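Student: What would the 3D arrangement of this be:
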Amino acid sequence: MRVFLATMAGCLLATFAITAQAKALSQNDRNVCSWGSQIAAEAQQAKLSGINVYATRKRLQARKFPKPWMRMTAFGITEQTYNSRSRLKPAAIKKTYYDQCVQHAIAKR
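Tutor: This is a model prediction of the structure:
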């Protein structure tokens with residue numbers, strides 16, 4: 001029972017720490033992480049649906065991006081997603097990407 005309580009307390013502290021760190025980020029950093037996580041989730045959905053990477057890249061090529069750096073970044077995220085052996089659901093990929101992006105942005109400071 002003590003181990004369970006200690007584990008739960010650790011999880012709660014980690015959750016609060018991540019939330020506090022996310023608030024410390026600028027709105028731009030949060031937007032970039034959110035955008036990248038959406039690209040990763042879309043790539044994972046396409047991968048799990050059996051769409052090959054070339055068709056997914058072609059879709060990205062036709063897509064309009066508000067900033068010039070976004071197209072190549074989207075290609076990179078898509079390539080990494082397809083190269084991964086992961087079979088996680090797109091929602092899990094989105095959350096994982098966002099969390100790791102936030103951690104990276106905080107560490108970069």
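
Student: And the pLDDT for Ala24?
Tutor: pLDDT, Ala24: 81.

Student: and the closest residue to it other than its chain neighbours, how many neighbours?
Tutor: In space, and not counting its chain neighbours, Ala24 is closest to Ile106: 6.9 Å by CB to CB, 6 or more residues apart in numbering. C-betas here are computed from N, CA, C, even on glycine. By other CB atoms under 10 Å, the residues close to Ile106 number 14.

Student: For Ile106, give me the backbone phi and psi.
Tutor: Here is the backbone geometry of Ile106 (degrees, to the nearest 10): phi -70, psi -40.

Student: quick one: pLDDT of it?
Tutor: 94.

Student: sec struct for the closest residue to Thr81 other than its chain neighbours, please.
Tutor: Using CB to CB, 6+ apart and skipping residues adjacent in sequence, the residue nearest Thr81 is Ala43, 3.8 Å away. Under DSSP: H, G, I helix; E, B strand; the rest coil, the three-state class of Ala43 is helix.

Student: Now do Ala43: how many residues are near it, please.
Tutor: Ala43: 27 neighbours (other CB under 10 Å).

Student: now the residue nearest to Ala24: how far from Leu25?
Tutor: Counting by CB to CB, to the nearest Å, the gap from Ile106 to Leu25 is 7 Å.

Student: which residues of this structure fall in strands?
Tutor: Under the criterion DSSP state E, the chain carries no strands.

Student: Might you report the residue contacts of the residue nearest to Thr81?
Tutor: Applying CB atoms under 8 Å, 6 or more residues apart in numbering, one finds that Ala43 lies in contact with Thr56, Ile77, Thr78, Thr81, Tyr82.
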